[in-house]
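J.: need a structure here:
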Amino acid sequence: MDFTYSKRLVVFYVLCLNEARTADSDPPSANLEDYGVLEAATYLACYIAFRAIKQAGRSPADERVENFDMLAVYQAYAMLVYTYLTLPLGEEGIEPDYKTAALTIARSLFSELGNEELAEIIESGSHKYQLIGDAESEHWMNYRQDLEKVLVAFVIAATDEEAPFDKEELIPMLGALLSMLCEAFASE
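T.: From the prediction side, this is the model:
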């Protein structure tokens, strides 16, 4: 079997769907052709953001009231994750859909919010995402490289039984990277 990067993302997605299903629900389809790679990347960006938020000990529900702008930081983080998950897809001729991903991520991370609040989070998160992407300081270049490396390792660990580490071992790193982002924007 030709195990392209896109197939690896879809396999990871199916594994996550299987992990999240309840005992009385049907398992996800084993036919990888049933899944879109961008759908998989968007889901995985949400999955990773959720895991990082939990690992970092953050509470979006509390922050909604006490520090609403922090929700935009989570949005920016998830969009960075989406970017680095989809970057290698360019080699396969697959272009990411950032607008659809941003909306899907916001609706997934903040499902209890109304459209106006979601629009505010998406706009502010996009601004933060752009600031991080455009930053030329060594700190932000290192941050982007570290996030990319951890995400590549995470995808490999989740989809390769012979990986030298388990994906659960990388969750603390993802949480630490989110915490760094939260601290950077908290001190604005």
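
J.: how about Met173, what does it touch?
T.: For Met173, the contact set (CB atoms under 8 Å, 6 or more residues apart in numbering) comprises Val150. Glycine gets a C-beta too; all of them are placed from N, C-alpha and C.

J.: For the worst-scoring helix or strand of the chain on mean pLDDT, what is the distance to the chain centroid?
T.: Here the helix or strand of the chain ranked lowest by mean pLDDT, DSSP states H and E is helix 60-66, holding a mean of 83. Offset of helix 60-66 from its chain centre (CA atoms, centre = their mean, to the nearest Å): 20 Å.

J.: Pull the residues that contact it.
T.: Contact with helix 60-66 is made by 53, 70-71, 74, 109-110, 113, as judged by CB under 8 Å, 6+ apart.

J.: now stretch 110-127
T.: Where contact means CB under 8 Å, 6+ apart, the residues beyond stretch 110-127 that reach it are 60, 64, 68-69, 71-76, 78-79, 102-103, 106-107.

J.: again with stretch 4-13
T.: By CB under 8 Å, 6+ apart, stretch 4-13 touches 1, 32, 35, 37, 39-41, 43-44, 85, 88-89, 91-92, 94, 155-156, 158-159.

J.: Just the buried residues of the longest helix along the chain, please?
T.: Ranked by residue count and defined by DSSP state H, the top helix of the chain is helix 138-159. The neighbour-count check on helix 138-159 (16 or more other CB atoms under 10 Å) flags 143-144, 147-148, 150-151, 153-159 as buried.
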